[in-house]
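Novice: this one's sequence-less:
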């Protein structure tokens, strides 16, 4: 065993080949440092007020999950219809300020940093694509959503600030998500801008998944789309008729805002319900994959995030493990990569709410997000040099943050808010 050094600072983990650490200074840590999943669930269960137990409670929770998905689909449908009313045939003109891909990227980062949910941003963007937003303008926003969502894990680590060693390890684990997404954007953003390979691939696959193509697979997905249209049209149509007297533009604005509110509510609601139902299972999946290869880590991270519909939950499970010194950041890193893939599932569900010609474009947008995260995971984890970059970057930043907490606020404020907002203003000023 040997001590690893990154960026001139000595790492605090000493690990064997299983990823476990032998940090003798932390031998007497109390169990309070571990993640108390059960207590957290009790406080976050939206149906905790119901006097139900056992099977009845399980059934009620699953009914609530499907209700939440129905609300999500209605929200996406309202955004699509509202955006059509606002933009008409001028969607590209309306978003001309975002034709600069760097502006689109900045919008995605800043928006997702504020609402702290890439699933929400992706669902909103998918709805806008269904309403006529060009895919080439939407793609940078989807890239930015990936970066913006990692601010949540960085904020989670601040809860460990009272213990210097735990904070350094926990903050390194939290920001490895930041550095992975940053590395992925630095590679795939220019590649996509020059070649468009993700957009073209997604556009080629989309007809089969949206039901507009030919063959058995397209037929199955067409049936799914028709069913979703049937269950969402009553509410979307009703709200649309209520705002119709306001005119196309203002009625569209109200409809789109209501759609955003429904998406924000539904994703939070679904996440809380699934956490109450499945976070114990998520823990089991994570622990079962610990000490195994990176592929197992990615799969378990994707499975956990798909199950509970929250990449923040995956982070919440890994940060305390790293902070306690039991496992290295490099061992837990693949779980975070998998979370990036799992979080794209919501966007794919949202895409089914679109119908007709817009369905194909909406599905293509959701697929771009999935392909981006999947390709980034494969490339970065497969190339040794690239695989070392995110943990090395997070170790370096954690070392600085441990010495002075101002680095934490400079990182969060600069990367997630100041730089993206400045990029938008500078671009608008130049054009």
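Specialist: Structure's in. What do you need? This is a predicted model, so every value here is computed, not measured.
Novice: which pLDDT value belongs to the residue positioned nearest the centre of the chain?
Specialist: Central residue check for the chain by C-alpha atoms, centre = their mean: the C-alpha nearest the mean position is that of residue 118, 3.6 Å away. Residue 118 is assigned 78 on the pLDDT scale.
Novice: in contact with it, which residues?
Specialist: Under the criterion of C-beta atoms under 8 Å, 6 or more residues apart in numbering, the contact partners of residue 118 comprise 112, 145, 146, 148, 149, 311, 343. To be clear about C-beta, it is placed using only N, CA and C from the backbone, and glycine gets the same treatment.
Novice: mind running it again at 7 Å?
Specialist: Residue 118 makes contacts with 112, 145, 146, 148, 149, 343, as judged by C-beta atoms under 7 Å, 6 or more residues apart in numbering.
Novice: who does the helix or strand the third one falls within touch, helix- and strand-wise?
Specialist: Of the helices and strands defined by DSSP states H and E, residue 146 is found in helix 135-149. Helix 135-149 makes packing contacts with helix 101-115, helix 118-130, helix 164-195, helix 197-210, helix 357-382 when contacts are defined by 3 or more C-beta pairs under 7 Å, 6 or more residues apart in numbering; DSSP states H and E.
Novice: make a markdown table out of these and add distance to residue 392.
Specialist: Putting the helices and strands packed on helix 135-149 into a markdown table (distance: least, C-beta to C-beta, whole Å) gives the following:
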| stretch | distance to residue 392 |
| --- | --- |
| helix 101-115 | 22 |
| helix 118-130 | 24 |
| helix 164-195 | 8 |
| helix 197-210 | 27 |
| helix 357-382 | 13 |
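Novice: of all those helices, which one is nearest residue 407?
Specialist: Distances from residue 407 to each of the helices and strands packed on helix 135-149 were compared by C-beta to C-beta, and the smallest falls on helix 164-195, at 9.7 Å.
Novice: what are the buried residues along the closest one?
Specialist: Buried residues in helix 164-195, defined by neighbour count with 16 or more other C-beta atoms under 10 Å: 165-185, 187-189, 192.
Novice: cool, stretch 151-161 as well?
Specialist: 151, 152, 153, 154, 156, 157, 158, 160.
Novice: out of those, who's nearest residue 422?
Specialist: Proximity of the buried residues of stretch 151-161 to residue 422 (C-beta to C-beta) peaks at residue 151, which lies at 17.0 Å.
Novice: isn't that closest one right up against residue 115?
Specialist: No: with contact defined as C-beta atoms under 7 Å, residue 151 does not reach residue 115; the gap is 10.3 Å.
Novice: how far off centre is the helix holding residue 146?
Specialist: Going by C-alpha atoms, centre = their mean, to the nearest Å, the spacing between the C-alpha centre of helix 135-149 and its chain's C-alpha centre is 11 Å.
Novice: for burial, what's the neighbour tally of the nearest residue to residue 371 once chain neighbours are set aside?
Specialist: Sequence neighbours aside, residue 198 is the residue nearest to residue 371 in space, at 5.2 Å (criterion: C-beta to C-beta, 6 or more residues apart in numbering). For residue 198, the count of nearby residues is 22 (other C-beta atoms under 10 Å).
Novice: try residue 425
Specialist: Summarising burial for residue 425: neighbours were counted as other C-beta under 10 Å, giving 11.
Novice: now residue 327: phi and psi?
Specialist: Note on residue 327: its backbone torsions stand at phi -140, psi 150 [degrees, to the nearest 10].
Novice: what pLDDT does the model give it?
Specialist: Model confidence at residue 327, given as pLDDT, is 83.
Novice: quick check: beta-bridge partners of it?
Specialist: Under DSSP bridges, the beta-bridge partners of residue 327 are residue 20.
Novice: my read: residue 79 touches residue 257, true?
Specialist: No: with contact taken as C-beta under 7 Å, residue 79 and residue 257 are classed as non-touching, separated by 9.0 Å.
Novice: between the two, who's got more neighbours?
Specialist: Shown here are residue 79 and residue 257; by other C-beta under 10 Å, residue 79 has more neighbours (30 against 13).
Novice: quick one: contacts for that one?
Specialist: Residues touching residue 79, when contacts are defined by C-beta under 7 Å, 6+ apart, comprise 124, 127, 128, 131, 256, 259, 260.
Novice: what sits against the residue nearest to the third one when sequence neighbours are not counted?
Specialist: With C-beta to C-beta, 6+ apart as the criterion, residue 128 has its nearest non-adjacent residue at 5.2 Å, and that residue is residue 83. Listed by C-beta under 7 Å, 6+ apart, the contact partners of residue 83 are 127, 128, 131, 132, 133, 252, 256.
Novice: what do you get if the cut-off is 8 Å, keeping everything else the same?
Specialist: Residues near residue 83 by C-beta under 8 Å, 6+ apart: 91, 127, 128, 130, 131, 132, 133, 252, 256.
Novice: tell me the pLDDT of it.
Specialist: Reported pLDDT at residue 83 in the predicted model: 73.
Novice: what sits against the residue nearest to residue 371?
Specialist: Residues touching residue 198, when contacts are defined by C-beta under 8 Å, 6+ apart, comprise 139, 188, 192, 368, 371, 372, 375.
Novice: and the gap between it and residue 346?
Specialist: Distance, residue 198 to residue 346, by C-beta to C-beta, to the nearest Å: 19 Å.
Novice: got the buried residues for stretch 129-146?
Specialist: For stretch 129-146, burial by neighbour count (16+ other C-beta under 10 Å) applies to 129-133, 135, 137-146.
Novice: OK, contacts around residue 252?
Specialist: With contacts defined as C-beta under 8 Å, 6+ apart, residue 252 is in contact with 81, 82, 83, 84, 85, 86, 87, 243.
Novice: so how many other residues sit close to the fourth one?
Specialist: Spelled out, that is residue 84. Other residues within reach of residue 84, judged by other C-beta under 10 Å, total 20.
Novice: from the middle of its chain, how far away would the helix or strand encompassing it be?
Specialist: Assessed by DSSP H and E, residue 84 sits inside helix 54-87. Using C-alpha atoms, centre = their mean, the mean C-alpha position of helix 54-87 is found 18 Å from that of the whole chain.
Novice: over to stretch 305-321?
Specialist: Relative to the chain's own centre, stretch 305-321 is displaced by 11 Å; criterion: C-alpha atoms, centre = their mean.
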